[in-house]
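Colleague: task: produce atomic coordinates for the following.
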Amino acid sequence: MHLYEVGIYNRFIREKVRTGDDVGKEEAKWEEVHYFDIEAENQEQAEKKIRLQYSKLQGFEVDYVKKYATS
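Modeller: Have a look, this model is predicted:
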């Protein structure tokens, strides 16, 4: 297994914040990218794992998936 950093944000929230719509303080945080460490065999599996909690249908977008360097 490898360790990946996955960055996600919510496109629905991002759009609301940027157009000036009223959103709650906690909800507004999803305009920015949130970072998660995911153990997976490859980048594709890391993205699949994050999608189990953060669905594209709910507006979550994967900004990037980056494998941590191993020493």
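Colleague: and whichever helix or strand residue 7 is part of, what's buried?
Modeller: Residue 7 belongs to strand 2-10 when assigned by DSSP states H and E. Going by neighbour count (16 or more other CB atoms under 10 Å), the buried part of strand 2-10 is 4, 6, 7, 8, 9, 10. Heads up, the C-betas are built off the backbone N, CA and C, glycines and all.
Colleague: swap in stretch 59-70?
Modeller: Applying a neighbour-count criterion of 16+ other CB under 10 Å, one finds 59, 60, 62, 65 buried in stretch 59-70.
Colleague: between these, which is closest to residue 45?
Modeller: Using CB to CB, residue 65 comes nearest to residue 45 of these, at 9.7 Å.
Colleague: which strand residues bridge that closest one?
Modeller: Counting by DSSP bridges, residue 65 is bridged to residue 6.
Colleague: would you agree it is in contact with residue 2?
Modeller: No - using CB atoms under 8 Å, residue 65 is not in contact with residue 2, being 10.8 Å away.
Colleague: other residues contacting the helix or strand of the chain with the lowest mean pLDDT?
Modeller: Least confident element among the helices and strands of the chain, by mean pLDDT, DSSP states H and E: helix 25-28 (a mean of 93). Here helix 25-28 makes contact (CB atoms under 8 Å, 6 or more residues apart in numbering) with 13, 17.
Colleague: for it, output the C-alpha coordinates as PDB.
Modeller: Extracted in PDB, the C-alpha atoms of helix 25-28 (Å, rounded to 0.1, in the frame of the first residue of the first chain):
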ATOM      1  CA  LYS A  25     -19.800  29.500   8.000                       C
ATOM      2  CA  GLU A  26     -19.100  25.800   8.200                       C
ATOM      3  CA  GLU A  27     -20.500  25.000   4.800                       C
ATOM      4  CA  ALA A  28     -18.500  27.800   3.200                       C
END
